[in-house]
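**Student:** sequence plus the predicted model coming up.
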Amino acid sequence: MEDALRIRSYQPGDAPALRHVFESSVHTLAARDYRPEQLAAWAPRDHDAARWAERMQHIRPFVAERGGTMAGFADVQPSGHIDMFFVSGDHAGRGVATALMAHLHAVAQAQGIAALHANVSLRAERFFLASGFAIEMRQEVERAGVILRNARMRKVLTAAA
């Protein structure tokens, strides 16, 4: 029987392991939809660890763990923006993304957030659609001089007052 998945709040010191999850997700899962130079620009192996740690401290993601291993992470900001949503390649297809999305919905509901929105990779687009998000627009973003395609997606959680 597989260990239960646990979702917890970000803790100082999580940043290096979260970077590993991020790189695994991009270089393993997104590799089906992006060229090697796009993957390298999106998640360079050589990165500024202090800057990454600062970003994680700022967005304060929720961490999904299974058997003491970080399986994924995601955040939701007070504006409803999901800045990062990543599952390790080793844990894909095992309910991690579904559990993280449910957690983000619960947090958003508790905080009275009316809608969620995110810039979603081609690989994650189908999952976000299945989670009730709609594509607002297709985008091309530049990372390190390389163009990456994604979609701005949104999901209304509450009726407008």
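**Tutor:** On my side now, so go ahead. Residues are numbered from 1 along each chain as shown.

**Student:** list the buried ones in the helix ranked longest in the chain?
**Tutor:** In the chain, assigned by DSSP state H, the helix with the most residues is helix 96-110. Neighbour-count burial for helix 96-110 flags V96, A97, A99, L100, M101, H103, L104, H105, A108 (criterion: 16 or more other CB atoms under 10 Å). Yep, even glycine has a C-beta here, placed from its N, CA and C like the rest.

**Student:** next: stretch 6-26.
**Tutor:** Those would be I7, Y10, D14, A15, L18, R19, V21, F22, E23, S24, S25, V26, for stretch 6-26 by 16+ other CB under 10 Å.

**Student:** one more: stretch 138-156?
**Tutor:** Result for stretch 138-156 [16+ other CB under 10 Å]: buried residues L148, N150, A151, M153, R154, K155.

**Student:** and stretch 38-53, by the same measure?
**Tutor:** Quick answer for stretch 38-53 (16+ other CB under 10 Å): Q38, L39, A40, A41, W42, A43, A53.

**Student:** and what of stretch 106-125?
**Tutor:** For stretch 106-125, the neighbour count (16+ other CB under 10 Å) marks A108, I113, L116, H117, A118, V120, S121, R123, A124, E125 as buried.

**Student:** please name the bridge partners of the third one.
**Tutor:** Think L116. With DSSP bridges as the criterion, the beta-bridge partners of L116 are K155.

**Student:** that one and F85 touch, don't they?
**Tutor:** No - taking CB atoms under 8 Å as the definition, L116 is not a contact partner of F85, at 10.3 Å.

**Student:** list the residues that contact both of the two?
**Tutor:** L104 (CB atoms under 8 Å, 6 or more residues apart in numbering).

**Student:** what's in contact with stretch 97-105?
**Tutor:** Contact with stretch 97-105 is made by 5, 7, 62, 64, 72-76, 82, 85, 87, 116, 124, 127, 131, 157, as judged by CB under 8 Å, 6+ apart.

**Student:** now these: which count as buried?
**Tutor:** Buried among those (16+ other CB under 10 Å): 5, 7, 62, 64, 72-76, 82, 85, 87, 116, 124, 127, 131.

**Student:** before we move on, back to that, out of the buried residues of stretch 106-125, which comes closest to A144?
**Tutor:** Each of those was scored against A144 by CB to CB, and S121 proved nearest at 16.2 Å.
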